[in-house]
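K.L.:
no FASTA, just this:
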């Protein structure tokens with residue numbers, strides 16, 4: 001239940017701040033994918 005509350009709060013945060021943080025979220029997503037690629041290949 002606590003984990004569900006965390007997910008809902010994160011979704012609400014993204015909905016509220018998505019127009020302002022679009023570039024930050026996009027760059028963070030690219031960095032995250034790059035990290036996973038390094039982990040998968042390394």
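P.N.:
Done, it's in. Values in this document were obtained by computation on a predicted structure and should not be read as measured data.
K.L.:
For the rest of this, base every contact and every neighbour count on C-alpha atoms.
P.N.:
Noted.
K.L.:
Low-confidence stretches in this protein?
P.N.:
1, 17-22 (pLDDT under 70).
K.L.:
how about 80 then?
P.N.:
1-2, 14-27, 42 (pLDDT under 80).
K.L.:
quick one: the helices in it?
P.N.:
Remark: helices assigned in the chain by DSSP state H are 2-41.
K.L.:
Let me know the distance separating residue 7 from residue 13.
P.N.:
Taking C-alpha to C-alpha, to the nearest Å as the measure, residue 7 falls 10 Å from residue 13.
K.L.:
Now do the contacts for residue 13.
P.N.:
For residue 13, no contacting residues are found, by C-alpha atoms under 8 Å, 6 or more residues apart in numbering.
K.L.:
Apply 10 Å and report the result again.
P.N.:
Contacts for residue 13 (C-alpha atoms under 10 Å, 6 or more residues apart in numbering) come out as residue 7.
K.L.:
OK, contacts around residue 16?
P.N.:
For residue 16, the contacting residues are residue 10, by C-alpha under 10 Å, 6+ apart.
K.L.:
Oh, that last question was meant for residue 10, not what I typed.
P.N.:
Each residue near residue 10 by C-alpha under 10 Å, 6+ apart is listed here: 4, 16.
K.L.:
For it, give its distance to residue 26.
P.N.:
As judged by C-alpha to C-alpha, residue 10 and residue 26 stand 16 Å apart.
K.L.:
Could you report the separation of residue 10 from residue 16?
P.N.:
Look at residue 10 and residue 16: by C-alpha to C-alpha, they are 10 Å apart.
K.L.:
Hmm, I typed the wrong one, I wanted residue 5.
P.N.:
Distance from residue 5 to residue 16, by C-alpha to C-alpha: 16 Å.
K.L.:
before we move on, what about residue 39?
P.N.:
In this structure, residue 39 and residue 16 are 32 Å apart, going by C-alpha to C-alpha.
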